[in-house]
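Undergrad: Model the structure of this input:
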Amino acid sequence: MKNIGEVQTPKEDTYDMDAAAISQSDTIMGTSDAWVGFQIGGEEHQSLVDLEAIGKLRVRIGPEGVDELLEIFFEDAPQYLAGLYEAARKSDRKALHYISHILKSSSGTLGLTALSDQCKALSDVSYQMPLVEARYRIDAIEDIYGRTAAF
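TA: Numbering: from 1, shown residues only. Model prediction:
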């Protein structure tokens, strides 16, 4: 355990670690391997999350900081998803763009790449697409959000 202000240098460069090395670095960095509530392994994690980005974030702000940010994100995201559905119902393209952009940025920062990619796609076309298509895109975002949250 490190004291506040003390710099802890990991024994390995976590920026270049793969999933197994990040899991192994939990011991090096003195953290639990349940830090995000999922086991590292399996194939789905590769399409849902960017473990390298999460590893970098863990180095920068610490595992507790990452846990806190993820908790806040997963608590707030359902309200944003509801906002997307409401914006589509009201044909409010500006709100579709704004909300999807917020979700894209937040999820991207946290390494939730599949969710970020889907939100980016909605944000990018929110002013051009037929509004009926927005509903399908929001459904896809909600599906990926659910799988990511469960993961």
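Undergrad: Pull the contacting residues for A121.
TA: By CB atoms under 8 Å, 6 or more residues apart in numbering, the contact list for A121 reads R137. All C-beta spots, glycine's among them, are computed from the backbone N, C-alpha and C.
Undergrad: which secondary structure element contains it?
TA: helix 113-125 (DSSP states H and E).
Undergrad: do the same with L57
TA: Assigned by DSSP H and E, L57 falls within helix 51-89.
Undergrad: Now do the helix holding A121 and helix 51-89, the angle between them.
TA: 40 degrees (axes from the mean of the first three to the mean of the last three CA atoms, to 10 degrees).
Undergrad: Just the buried positions in helix 113-125, please.
TA: T113, A114, L115, S116, Q118, C119, K120, A121, L122, S123, V125 (16 or more other CB atoms under 10 Å).
Undergrad: What are the buried residues along the helix holding L57?
TA: Buried residues in helix 51-89 (16+ other CB under 10 Å): 51-55, 57-59, 63, 66-67, 70, 73, 77, 80-81, 83-85, 87-88.
Undergrad: Counting by contacts, list what it packs against.
TA: helix 19-29, helix 93-109, helix 131-150 (3 or more CB pairs under 8 Å, 6 or more residues apart in numbering; DSSP states H and E).
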